[in-house]
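Undergrad: 3D model of this:
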Amino acid sequence: MKDMLRRKFFRKEPISLESVADKTWEIAPGETSVTRPAIFLPNQLERITDWVFSEGRDPRDWMKGGFEVKQTPTRGYMLKNAWLIDGVLYKDNACAYLHPRSSHLPPRLHVENEITRGAIYCTFPGNRYFGQWLMDDCLIYPLAMAEGIPISTDQPASPHTLAYESLLNMNPLRLHSAFLREVVIFDDTGHNSNRRERFWAMRDKLLSHAPPLSHPGVFILRGGTGERRIMHNEVELAEYLRDKRGFRIVDITKDDVPTMVKACAGAQVVVGVEGSHLIHGIQLLPPGGAVLTLQPPNRFCYSYKPKTDRDHQYFGFVIGFTDGDGFRVDPDEVERTIDLFPH
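TA: Numbers count the residues shown, from 1 in each chain. Predicted structure coming up:
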């Protein structure tokens, strides 16, 4: 093990764990889908000056829709004699990072647990972004349950994470280090039909705690949480939509998870600054529902659009105007964009 870690530490390009799997199988087939056009007002695309998480695509073209996308299959990979140490899963000369290591020094061989058969359900993006944990990692959890003990790394879990685990009957084993006689990992990145069905099953489980009664929409406040992008008129706009259109308001800095689930259940439109916090509402949207993201011109992101395309929903956006260290969004443009969504 020490020699393996030493070789891994000095290797410039690590080998993928999938390439050294002892067994590989297909859980769900891939398929081809066609992207929907996003919903937006004229001249919005011209305001975008920069973007993130675009996977090499120019989002200004991608928002027009009509692109054919190959959704990859969901696959499982079984590895024998693997090691989980400080957020990294190793087998022979291969590895995968589940979160950044706590030290730049070569990892110490100190194993606290031995697992006969486990299954990793967490991912690097999910360990970094709450939205991706709830939207992606939680969909892997039932796959992991079918294969062994569901395993996550031992990063501190937020109160929201623990509350969702309780509502979804999730009980992962959190480990810092372990020797895994057999461990299953998953490739579940394609937005195939099986993944949609698992997402809808998760939505139904959450809605069992708060039966939905249809209402116009919910505005989800993020305040100063997450990566910095301050919308200076965020509260003002939320109150405007509440008073004029009957929207509910959720504040992730104050409301607990049961309160947020109850408020978001039944919403036809989810509105807020683009970010992980929107998943509290997006995960409960029915087919035909809509997501309206409010975005600064220098950080356009459409991470939720593949999910809304998959789940037969609509994705829209309004690009704001730079204002000092943040941005502002025109309430009139928000209302006019909401009116563009099919009802």
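Undergrad: how is residue 119 assigned, secondary-structure-wise?
TA: strand (DSSP: H, G, I helix; E, B strand; the rest coil).
Undergrad: isn't it up against residue 152?
TA: No - taking contacts as CB atoms under 8 Å, residue 119 lies outside contact range of residue 152: 10.4 Å. Heads up, the C-betas are built off the backbone N, CA and C, glycines and all.
Undergrad: straight-line length of stretch 147-164, end to end?
TA: One end of stretch 147-164 to the other measures 22 Å (CA to CA, to the nearest Å).
Undergrad: ok, and what's touching it?
TA: 76, 78, 84, 87, 98-99, 115, 117-122, 127, 130, 133-134, 138, 141, 144, 165, 170-176, 178, 180, 182-184, 252, 256-258 (CB atoms under 8 Å, 6 or more residues apart in numbering).
Undergrad: for residue 34, give the beta-bridge partners.
TA: Under DSSP bridges, the beta-bridge partners of residue 34 are residue 68.
Undergrad: please begin residue numbering at 755 from this point
TA: Done: numbering now begins at 755, and the last item shifts to residue 788.
Undergrad: quick one: it from residue 945, how far?
TA: Remark: distance between residue 788 and residue 945 (CB to CB, to the nearest Å) = 12 Å.
Undergrad: now residue 891
TA: 15 Å.
Undergrad: the strands in the stretch 855-1004 of the chain, which residues?
TA: 868-874, 903-907, 927-929, 931-941, 972-975, 1002-1005 (DSSP state E, counting those that start in this stretch).
Undergrad: can I get the first one as PDB, trimmed to CA atoms?
TA: Presented in PDB, the C-alpha positions along strand 868-874 are these (Å, rounded to 0.1, in the frame of the first residue of the first chain):
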ATOM      1  CA  GLU A 868     -12.200  -2.600   7.200                       C
ATOM      2  CA  ILE A 869     -15.400  -3.000   5.000                       C
ATOM      3  CA  THR A 870     -16.300  -6.300   3.400                       C
ATOM      4  CA  ARG A 871     -18.400  -4.700   0.700                       C
ATOM      5  CA  GLY A 872     -19.400  -1.000   0.300                       C
ATOM      6  CA  ALA A 873     -20.600   1.400  -2.300                       C
ATOM      7  CA  ILE A 874     -19.500   5.000  -2.700                       C
END
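Undergrad: select the longest helix from the chain.
TA: helix 947-961 (DSSP state H).
Undergrad: narrow the contacts of stretch 901-918 to just the buried residues.
TA: The neighbour count (16 or more other CB atoms under 10 Å) marks 830, 832, 838, 841, 852-853, 869, 872-876, 881, 884, 887-888, 892, 895, 898, 919, 924, 926, 929-930, 932, 934, 936-938, 1006, 1011 as buried among those.
Undergrad: please report how far the closest residue to residue 1050 other than its chain neighbours lies from residue 1072.
TA: Distances taken as CB to CB, 6 or more residues apart in numbering put residue 1081 closest to residue 1050, at 4.2 Å, once the chain neighbours are dropped. Residue 1081 sits 11 Å away from residue 1072, going by CB to CB.
Undergrad: report the buried residues of the longest helix of the chain.
TA: For helix 947-961, by 16+ other CB under 10 Å, it's 948, 949, 950, 952, 953, 956, 957, 960, 961.
Undergrad: repeat for stretch 797-809
TA: So stretch 797-809, judged by 16+ other CB under 10 Å, has buried residues 798, 799, 801, 802, 805.
Undergrad: what residues are up against the residue nearest to residue 1050?
TA: Per CB under 8 Å, 6+ apart, neighbours of residue 1081: 983, 984, 985, 986, 1050, 1051, 1074, 1075.
Undergrad: returning to that earlier point: state the mean pLDDT of the longest helix of the chain.
TA: The average pLDDT within helix 947-961 is 97.
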